[in-house]
Structures are given as C-alpha cells and as structure tokens.
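Engineer: One predicted model, sequence on top.
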Amino acid sequence: LPAVHCLSFGPQAGGGECCLLQLEPGLCAELEAGRSLVIRGEKDEHAVLCSKDKTYDMKIADTSNMLLFVPGCKTPEELNADPPSCNIIHSQIAGFSNNYWELRRCRPKLKKLRKLLMEVPYEGPDSQKDQTLTFSKYTTEDLLSLIQASEEEILHQLQVIDACKIEGYWRILDFEYEMKLLNHVTQLIDSESWPLSKVPLCACLEELGSLEPREMIEHILLSYGRKYVDDAGNVFFEMREDKICRAIAQMLLQNAVKFNLSEFEEVWQQSVPEGMTTRLEQLKGLALVDKSSRPETIFLLKVEDLPEDNQERFNSLFGIREKWTEVDITPYIQDLCAEKQTVGALLTKYARSSMLNGVKVYNSRRPI
Amino acid sequence: LSRSSGTGALAQWVLVELQGEVEPRQSGGLAGSLLGDLHYTCEGVPVLIVGHHILYGKVVQLEKPFAVLVKEGGAPQPSPGGSHSCYTVTALIKTKLLFKTRPKPIITHVPKKV
C-alpha cells in the first residue's frame, strides 16, 4: 500500500498521564452511547468501576510487551476504503505503557449501605435524636459517592431493605418503631375484618393518620404488602404473610439467646394476625434450628449480620456450627454467589464434605 | 474518588504492541523523537521499520477493546483509592498492530566487485 505512517512520540508521551482500561463486553457500547463509568473507592478500599447497573473489580495487569497508543493511525481496511490524499501520514504516539487495568464483574459491595443507614435508624417523628443530627444522614448523592456499587444496584438494594426517604435522606426504620407501625395496621385489619388480600389504603390513612405520619403508614403498607389498584382506581394492599410472620418471629427471637423450639412455634403462631400460618421455612437466613440439642432449640442468626467477604463468611459460619447440611447453610451463603455461580460451587471451594449419620455435611477446610 | 466520563463522539485509536522496551537514542526522553515508519503490504500485513530493524506484525481485532483514560490534574501515576482525581475517556481502541517477530536488521545489498 502506498501510504506510510511516520510514527513519532508526541510531546506528552512520556508523561504517564494516559492509561489503558480493558473493557468488558457491553462497556464499550455504553461509552459509545455517551454514558459514564465511575471509579469508586475510599483510601482503604480496593477500587471498583461502576457502570449504570454493574460493578467491576479493578486490577492491574502487567505485560512484558510495550503498548503504544496511536491516534489517527489507519488500518489497511481504512486506507483501502478511504485513500489519503498525501502518502505520508505523520502520526504522533500519544502515550505508552506496559500495563493496563483489567476488570472483573463482582458483587456490588452493599453491606456498607445498611451499615451507614443503621447509624441512626428512624425512630419516628417524636424522636429527639433526629432533630439534632445532620451528619450520619445520607442523601442519594452521598450514598453514590460512598458505596462501591452502581446506581441501579444501590437503588435496588434500598428497596430490598425497605429504606424510605424522609426529608430527602434515606432512612431505615428502627425495628421497634417498624413493629409498632405494623401492629397498628394488623390491629386495624382485625378490627375492621378486612380480608388480608384487600386492605384499603385510604381507610388506613384515615384511621391511623392521627397516630402516625401518613407517609409512615403508607411506607409500612408498601413494605409488608403488595400494592394494586382496582378498576375503580382505589388502592389496596395484599398483605405478605411470609414477611409479616418473619418479622414477628424476629421480634420474639431477639429477646433471648435461644428458645425451646416447640414453645417458640406455639407462641409465634399465636402472635401473628388471624388467618396467617407460620412455617419454619419463612425464617431462612433469619434463624437457625439446633436439631442436636434436647429439646430442640432455635436462635436468631441474621445473614445480614455476617461478613461480606466469602472466606470470612465461611469462617464465621463454621465458628457458629462445626458441621452444616446443605439445606441449613444455603440461606447463609446464597448471596455470595457470583453471576452464574451455584451454592454447590461455593461449597466445593470453601468447605469439605463428609457423611454424618447418612447425611452429607460440610465443615471447614482449615482448623478454626 | 475518581470519575471517568465519555464525552461526545469518541475517537478511535490504534494500539501498537512491541516486544521489549523502547528507549530513546539520545538522552532527554522520548517526547518528540521519531519511532519509525509503518507500512502495510498489499495483503494488509503491517511492517514497522525502526532504525535499522524491520518488524513484521499482524492486525488484531481486540476481543476486549480498551478505553484510553487521561488524567486531569497532572499527577504522575493514576492510583484509584487515592485522592479525588478526574479521568476522561479520550478514545477507544478496538484494533491493535501486534509485532511479535524479533526485529530483523536491514542489510543493504553490498555490490560485489566485478
């Protein structure tokens, strides 16, 4: 081909201000569409890169070769398709490097989100604490700059943990206040004899509006019910049996180290709203049954209180109990699974299996 | 905290990958100095002539394209987790010219004495 590129080093070339970032599929298209990528991380954290909805770990990859980046350098196809008028093309090398940033999709680091919001849980409008504090309260912007996750992942998690926006700040309700609100609603449902699947929003706001702020009543209905609108445009809630039973169990269990299982089951069923049925399956990731003790006992163990890092999580679980069945351990490791990873794969990596009384159990790979 | 953002239509650059290191002939750094000439054969094989060496390479479409980040603020090395700084995505690289063969010295034809 007649055209020749005359390559020389540009004036900024040795400066080291340019660096290369290897893009995972989809990120290139996002950049070309004009969207931003954000690198997030405090001094003590490993940096992550966030697109609008995904999070990636960043790692430096070294190469023994020299990589030069050349703007305006044409490939043979481009030269054939669009021959230049002049045969000598002076191209300046903008920079060079022997390393680049590699990305690997990772779980968003969301444990910190809950930790931040739990600094000052919302105890209700009468709480004195709230009026005096301005820090330890976080807006969406604050959270975006502090949490190593993409915006969509953060907003989704806020919904999962039933956070609500009060005066522009994201808040988690103090558990006792939350139970107080729930109790108002369940008592009202009972006294009005409403079906659990058709709880009217308007009536709730009217009856309870004098006791609690309307936004809080609506929030508790949204947290513990599924909203729907009938043909006439009236808003109703279908109350979520599993979530309500689970919350009531938490309320009972958090007052003692452990409970006699059969006593607990009795009290629990009596404590839930009429028409609801309690089942132990509702307590996955919240409580653990000890079948080896006589009598059998149950105690509170919340997955969100456990470490976020895989190895630390397994160490913590094996510290609580030496041998676990897959059924028991799954709710406590499910959230560790990466995209397309199974619980089985995690167990193979972090645990050792053996047979105990004809049942497959898992224990730690290393001494605790 | 650092931020990188796409701006407008992104330029497409090309990566040239060479074995070993590039050192300036004269002291005073590389800026401004000539590297060499890049030719393509009729079959589209890239050929780089650096000094008295000739290197043959190939055009590779990158499976994972690169983004070129330029740091604003002038600090020497980009370090995530350091103080606040801003990076801009200046260009995308989807193609590289890979020169893997060892440089061959160019020996000019020495005419035999007749």
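Structural biologist: Received the coordinates, thanks.
Engineer: where exactly do the helices run in chain B?
Structural biologist: Shown for chain B, no helices are assigned by DSSP state H.
Engineer: Can you pull out the low-pLDDT segments for it?
Structural biologist: Chain B contains residues with pLDDT under 70 at B:1-9, B:20-31, B:72-86, B:101-114.
Engineer: rerun at 90
Structural biologist: B:1-58, B:68-92, B:99-114 (pLDDT under 90).
Engineer: which residue does chain A bring closest to chain B?
Structural biologist: A:Ala47 (3.0 Å; Cβ to the nearest Cβ). C-beta here means a position set from N, CA and C on the backbone, and glycine is covered the same way.
Engineer: That residue against A:Thr55, yeah?
Structural biologist: No. Contact criterion Cβ atoms under 8 Å: A:Ala47 and A:Thr55 do not qualify, at 10.9 Å.
Engineer: what about these two, which has more around it?
Structural biologist: Between A:Ala47 and A:Thr55, counted using other Cβ atoms under 10 Å in any protein chain shown, A:Thr55 has the larger neighbour count: 23 against 20.
Engineer: what's the closest non-adjacent residue to the more buried one?
Structural biologist: Among residues not flanking A:Thr55 along the chain, A:Pro108 sits closest, at 4.3 Å (Cβ to Cβ, 6 or more residues apart in numbering or on different chains).
Engineer: What backbone torsions are found at that neighbour?
Structural biologist: Taking degrees, to the nearest 10, you get phi -60, psi 140 for the backbone angles of A:Pro108.
Engineer: can you check A:Ala203 too?
Structural biologist: According to degrees, to the nearest 10, A:Ala203 has phi -60, psi -40.
Engineer: If you count residues, where's the longest helix of chain A?
Structural biologist: helix A:175-192.
Engineer: Please look at B:Gln61 and B:Lys94 and confirm they touch.
Structural biologist: Yes. With contact defined as Cβ under 8 Å, B:Gln61 reaches B:Lys94; the gap is 6.7 Å.
Engineer: how far away is the closest residue to A:Tyr169 other than its chain neighbours from A:Val120?
Structural biologist: Take A:Tyr169 and drop its neighbours on the chain: the residue closest to it by Cβ to Cβ, 6+ apart is A:Lys137, 4.2 Å away. Computed with Cβ to Cβ, to the nearest Å, the distance linking A:Lys137 and A:Val120 is 7 Å.
Engineer: do the same with A:Val361
Structural biologist: 42 Å.
Engineer: which residues touch B:Val68?
Structural biologist: Applying Cβ atoms under 8 Å, 6 or more residues apart in numbering or on different chains to B:Val68 gives the contacts A:18-21, A:69, A:94-95, B:13, B:89-93.
Engineer: Once you drop chain neighbours, what's closest to it?
Structural biologist: Nearest one to B:Val68, counting by Cβ to Cβ, 6+ apart, is B:Ala91 at 4.5 Å.
Engineer: Just list the residues touching the residue nearest to B:Val14 when sequence neighbours are not counted, thanks.
Structural biologist: Spatially, and ignoring its direct neighbours in sequence, B:Val14 is nearest to A:Cys73 (4.0 Å; Cβ to Cβ, 6+ apart). Counting by Cβ under 8 Å, 6+ apart, A:Cys73 makes contact with A:5, A:7, A:91, B:13-14, B:16, B:38, B:97.
Engineer: Could you do A:Pro84 as well?
Structural biologist: Per Cβ under 8 Å, 6+ apart, neighbours of A:Pro84: A:3, A:74.
Engineer: Confirm it sits in a strand?
Structural biologist: No. Counting by DSSP: H, G, I helix; E, B strand; the rest coil, A:Pro84 is not found in a strand; it is coil.
Engineer: mind checking how far it is from B:Leu55?
Structural biologist: 23 Å.
Engineer: same question, A:Leu182
Structural biologist: In terms of Cβ to Cβ, A:Leu182 sits 73 Å off from B:Leu55.
Engineer: Check A:Phe236 too.
Structural biologist: Separation of A:Phe236 from B:Leu55 (Cβ to Cβ): 74 Å.
Engineer: Can you classify A:Leu143 by secondary structure?
Structural biologist: Under three-state DSSP, A:Leu143 comes out as helix.
Engineer: Angles on the backbone of the residue nearest to it when sequence neighbours are not counted, please.
Structural biologist: Once flanking residues are discounted, A:Leu143 sits nearest to A:Ile154: 5.8 Å by Cβ to Cβ, 6+ apart. Torsion angles at A:Ile154 (phi, psi; degrees, to the nearest 10) stand at phi -70, psi -50.
Engineer: is it true that A:Ile154 touches A:Leu110?
Structural biologist: Yes. Contact status for A:Ile154 versus A:Leu110: in contact at 7.3 Å, counting by Cβ under 8 Å.
Engineer: Next, show the common contact partners of those two.
Structural biologist: Joint contacts of A:Ile154 and A:Leu110 (Cβ under 8 Å, 6+ apart) are A:Ile147.
Engineer: residues in contact with A:Trp324?
Structural biologist: Counting by Cβ under 8 Å, 6+ apart, the residues that A:Trp324 touches are A:317-318, A:351, A:361-363.
Engineer: Could you give the bridge partners of it?
Structural biologist: A:Tyr362 (DSSP bridges).
Engineer: same question, B:Leu18
Structural biologist: For B:Leu18, the beta-bridge partners are A:Met66, B:Phe99 (DSSP bridges).
Engineer: Count the residues that sit near it.
Structural biologist: B:Leu18 has 21 nearby residues by other Cβ under 10 Å.
Engineer: Tell me who's in contact with it.
Structural biologist: A:65-66, A:68, B:48, B:55, B:99.
Engineer: What is the nearest of those to A:Arg294?
Structural biologist: A:Asn65 (67.1 Å; Cβ to Cβ).
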